[in-house]
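Colleague: need a structure here:
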Amino acid sequence: MKPAIIAFSGSIASGKSTLSQEVAEALQWKRVSFGDYVRSIAQSRGIVESREVLQALGTDLLQRDTKCFCRAVLIQAAWQLGQPLIVDGIRHMEVLATLKQIVAPMQLLLVFVTVDEAVRTNRLLERGTVNLEKYQQWEQDSTEQQVKSALANVADLIIDSGYSLEESVEQLGSWLKHID
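Modeller: Sure, this is the predicted structure:
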C-alpha cells in the first residue's frame, strides 16, 4: 500500500481513539488527534476542559478558519506531504473536505468506528465522566449529530469496535491491503 492518510471518526466512546492508536502502532505511522489539539488550545487559554467547552472551542476553531485549524493539527504531528499519517477525531464534514484538499494528491481514507449503544453507555459510565442526562445533552450537540449522520454515510470503512481490539486492527489491516 502506498502512503495514505487514515482518518477516524465515530461517536463519543465508540473506541476511535483506542483503535487509531493501535493502528498507528501496528503500521508504525505518526498519529495526530483533533481532540488533543483542541485540549492543548484550551490548556493554553486556561479554559476548563469539560466536554461542552471542548465542543464549543472546536466549533469556534472550525468556524474561524477550517483550513488553519486542519493545518495546525497536521503541524502538531510534524506531518509533511507524502508521509503516511493516522488522524483521530474527525467530527465535521468541513474538516474532512479540507483535509482531503490539504493532503492531495495523497489518498485520505475515512474509517468510521461504531459500537452498540449499551457498550458505549457502559464505557462512559466506567470512565466516571458522565451521568446519562449529560450524555444525552452531548448527543444533541450539532457536532455529534453530524458525526452520526453525515460522516457515517461517507466513510470508506465502518468498523464495529464491539469486537476485540485485535480483531478490529486485523479487519482494518486486511482492508488496507486491498486499497490502491
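Colleague: tell me, what residue is most central in the chain?
Modeller: For the chain, the residue nearest the mean C-alpha position is G89 (1.7 Å; C-alpha atoms, centre = their mean).
Colleague: skipping adjacent residues, who's closest to that residue in space?
Modeller: F34 (3.7 Å; C-beta to C-beta, 6 or more residues apart in numbering). For every residue, glycine as well, the C-beta is placed using N, CA and C.
Colleague: doesn't V95 make contact with that neighbour?
Modeller: Yes. Counting by C-beta atoms under 8 Å, F34 touches V95, with 7.2 Å between them.
Colleague: what's near enough to touch the residue nearest to the centre of the chain?
Modeller: Shown in contact with G89 (C-beta atoms under 8 Å, 6 or more residues apart in numbering): 8-9, 16-17, 33-36.
Colleague: wait, a strand at L110?
Modeller: Yes. Counting by DSSP: H, G, I helix; E, B strand; the rest coil, L110 falls inside a strand.
Colleague: tell me the contacts of it?
Modeller: 7-9, 90, 96, 151, 154-157.
Colleague: can you name the residues bridging to it?
Modeller: Beta-bridge partners recorded for L110 (DSSP bridges): A7.
Colleague: and it, how far is that from G10?
Modeller: 10 Å (C-beta to C-beta, to the nearest Å).
Colleague: repeat for I179
Modeller: 20 Å.
Colleague: more neighbours: which of those two?
Modeller: G10 (29 against 13; other C-beta atoms under 10 Å).
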